[in-house]
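[1] Predicted coordinates and the sequence they were generated for:
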Amino acid sequence: MLQKMIVRVFLPAIALLASALCILGTVRAGAAEISAHCAPAPQACLALALSAMGGRERLEAVNSLGLDGIQHTQLVEQSYRQNPFITSYARITEKIDFGGQRRLLKLHLTWPESDPGQSESDSTVVVGPEGGVQRSDQADTPSSRASVEDARYTLALGPMRVLLTALHAPDLHYATPVSLRSTMHPVLAFTWQGRPVRVMINPDNHLPDAVETEAVLYDHWYQWGDRSSPHVLDNFQLFHGMVYPTNEVEERNGVLWQSRQVLGVRLNPQIDDADFKMDAKVAQKALQSKGWEAPFGAKDGVPLAPGITLFPGSWNATVVKQEDGLVLLEAPLSGIYTGGVVEKAKVENPGVPLKAVLSTSDSWPHVGGVRQAVALGLPLYILDLNKPLLERLIASTRHQNPDLLAQSPRHPLWRIVSGKIDVGTGANRMVLYPLRGASTERQYMVYFPEHQLLYASDTLALNADGSLYDPELMREVIEAVKRERIAVTTVFAMHQEPVPWAQVTASVENALK
């Protein structure tokens, strides 16, 4: 069920906090004006920071590290509404082999959006130079690209290694100072694997209070392009002559996204190669995966009615042929994926113009292709509540991995859905209805009156045993259908192929008993 929950990314309706609420606030003072609070030269400032943590020799003598801790994460990409966000919790056991550049991470996760009785799960991820695997009792499977990137960050820019990485950086320099916790901090800056890194040094105790990088993130934040991710370090404690921060808070887009608290630290624990053993061929697939840039691969569509074709996949896309052109139902995942949907629609309907795109939710993978639709000059029907988020998505920067909109900027053509709206005429006329439920607040459904066919956005998914994932979502859809007094025979959704409406309503009734 956890895999389905990861695939079914329920909408964030994230509102980015104002800059005044961000952890880090950039000031206008020049670097030289504040650098004297640490040292005249960045190398000297770095030497003070190394000394404050226990000394360069002690840090370099740590060949391995064992950590036990707890973690809580704001599910900004999962929450059905907005701040305050739903939170997940985890217990962590971690072993880091700096010499072998390997990491073993075990998580016991508590996931609040699970089906009843399925909120607890365990996972083990191993990452090394050859890639990464997700370990199970049956066989290793490729880990996500995000897991690989997270491990590489830990090995090079985590609290135990960031100053040593800076020490070997040929471009170490002072950057513009920032204010952190109301204290002006000198900033040591350098480049690591092509990405800029900034380390905020406390001017009084010389400890590294924060580490900030700017990069494309490969988890659910991928759709936002170039992201700045400050890691604020706190609760420093002495362990065998080493000063180590036992609390790390990561901020993303102005949101305090994740907090990790270390409960136990083991310096130079024994390394057992068996702990890091993995199938190299499987591990390499984690590096070869296209991830969020997976191409649209549906070869054959599923006809739902004459002129209405569903192309099933992890993110379904539907092409609707109307009297005056084609309408795409959803622009999911990425510009590459949505671009593939567009090309497929053109091939299947030669000479028929594209006239609009319907984007029914604000889940980040679900709107990952909206920028592509904007770049192609297509009008987009979006829910009124989702406009602020989508405006920010359109404005997000893409210097490291420029998409079509970054290469050819243009303004979006929004069609705002605040109430019932008709799209097109004829046999494939569509009617859009906002759902407005507590869990479906940021979604709208699409109804085909002539076919009694309903598209239920991101609310419907059947488990392997035929039961409903999160019946509350479909209960709210049923209430909206009753409210709008529409007759439904068949229903489908972003992650579900067509199902008889009677089957779905019966499943909801059974789940609620």
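    All right, it came through fine. Numbers count the residues shown, from 1 in each chain.

[2] all helices of the chain, in order?
    Assigned by DSSP state H, the helices in the chain fall at 2-7, 31-35, 42-52, 56-61, 145-157, 162-167, 280-288, 335-348, 370-375, 387-395, 404-407, 471-484, 501-512.

[3] Deepest-packed of those helices, please.
    helix 370-375 (a mean of 25; mean count of other CB atoms under 10 Å). (C-beta placed from N, C-alpha, C; glycine too.)

[4] Give me the pLDDT value at the residue nearest the centre of the chain.
    The residue lying closest to the centre of the chain (CA atoms, centre = their mean) is H220, at 1.2 Å. At H220, the predicted lDDT confidence score is 88.

[5] What of the one 3 residues further on?
    Q223 is assigned a pLDDT of 93 by the prediction.

[6] go on, L389?
    We note a pLDDT of 92 for L389 in this prediction.

[7] Just confirm it contacts D362, I think it does.
    Yes - in terms of CB atoms under 8 Å, L389 counts as a neighbour of D362; the distance is 5.4 Å.

[8] Y444 against V417, yeah?
    Yes - taking contacts as CB under 8 Å, Y444 lies within contact range of V417: 5.3 Å.

[9] Pick out whichever of those two has more residues nearby.
    Legend: neighbour count by other CB atoms under 10 Å for Y444 and V417, higher for Y444 (29 against 23).

[10] Spatially nearest residue to the more buried one (excluding sequence neighbours)?
    Take Y444 and drop its neighbours on the chain: the residue closest to it by CB to CB, 6 or more residues apart in numbering is P434, 4.7 Å away.

[11] Where in this protein is the helix or strand with the lowest mean pLDDT?
    Among the helices and strands of the chain, helix 2-7 carries the lowest confidence by mean pLDDT, DSSP states H and E, at a mean of 37.

[12] Report the separation between the residue nearest to Y444 and M445.
    From P434 over to M445 the distance is 8 Å, taken as CB to CB, to the nearest Å.

[13] Repeat that for P40.
    Computed as CB to CB, the P40 to M445 distance reads 64 Å.

[14] More neighbours: these two, which one.
    M445 (24 against 11).

[15] That one reaches A480, doesn't it?
    Yes - contact criterion CB under 8 Å: M445 and A480 qualify, at 6.5 Å.

[16] so what's in contact with those two at the same time?
    433, 435 (CB atoms under 8 Å, 6 or more residues apart in numbering).

[17] returning to that earlier point: list residues touching both of Y444 and V417?
    Between them, Y444 and V417 share the neighbouring residues 383, 432, 434, with contact defined by CB under 8 Å, 6+ apart.

[18] Okay, and which of these map to strands?
    Judged by DSSP state E, strands contain the following of these: 383, 432, 434.

[19] Including pLDDT, could those go into a markdown table?
    Conversion of those to a markdown table gives the following (pLDDT from 0 to 100):
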| residue | pLDDT |
| --- | --- |
| L383 | 98 |
| L432 | 98 |
| P434 | 98 |
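
[20] Can I get those in a markdown table including neighbour count and distance to I421?
    What follows is those, written out as a markdown table (neighbours: other CB atoms under 10 Å; distance: CB to CB, whole Å):
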| residue | neighbour count | distance to I421 |
| --- | --- | --- |
| L383 | 26 | 11 |
| L432 | 20 | 5 |
| P434 | 21 | 9 |
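
[21] Make a markdown table out of those residues and add distance to T397.
    As requested, these are exported to a markdown table (distance: CB to CB, whole Å):
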| residue | distance to T397 |
| --- | --- |
| L383 | 25 |
| L432 | 31 |
| P434 | 31 |
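
[22] nearest to S182, of these?
    Closest to S182 out of these is L383 (39.2 Å), distances taken as CB to CB.

[23] Does the closest one touch Y444 like I think?
    Yes - in this structure, L383 is within contact of Y444 by CB under 8 Å, at 5.3 Å.

[24] Please identify every residue contacting each of these two.
    Where contact means CB under 8 Å, 6+ apart, the residues bridging L383 and Y444 through contact with each are 360, 417, 434.

[25] What's opposite the closest residue to L172 other than its chain neighbours in the beta bridge?
    Counting by CB to CB, 6+ apart, L172 lies nearest to F190, which is 4.7 Å off, once chain neighbours are set aside. Counting by DSSP bridges, F190 forms beta bridges with V197.

[26] quick one: contacts for F190?
    With contacts taken as CB under 8 Å, 6+ apart, F190 has the following neighbours: 165-166, 169, 171-173, 196-197.

[27] do G335 as well
    Contacts of G335 were listed using CB under 8 Å, 6+ apart, and they are 368-369, 371-372, 375, 403-405.

[28] where's E94 relative to V488, distance?
    Using CB to CB, which is the criterion applied here, E94 is 49 Å from V488.

[29] and the two? which has more neighbours close in?
    Set side by side, E94 and V488 show more neighbours around V488, with 21 against 18, by other CB under 10 Å.

[30] Surely the more buried one is in contact with W501?
    Yes - V488 is in contact with W501 according to CB under 8 Å; the separation is 4.4 Å.

[31] which outside residues touch stretch 307-318?
    With CB under 8 Å, 6+ apart as the test, stretch 307-318 has contacts from 7, 296-298, 301-304, 319-322, 328-330, 332-333, 337-338, 341, 344, 348, 365-366, 427-428, 448, 451, 453, 455, 492-498.

[32] And that stretch, what's buried?
    Across stretch 307-318, burial judged by 16 or more other CB atoms under 10 Å covers 307-313, 315-318.

[33] Same question for stretch 87-96.
    Of the residues in stretch 87-96, those scored as buried under the neighbour-count criterion (16+ other CB under 10 Å) are 88, 90, 92, 94-96.

[34] Now render those as CSV, adding pLDDT.
    Shown next, in CSV, are the buried residues of stretch 87-96 (pLDDT from 0 to 100):
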residue, pLDDT
S88, 94
A90, 98
I92, 97
E94, 97
K95, 98
I96, 98
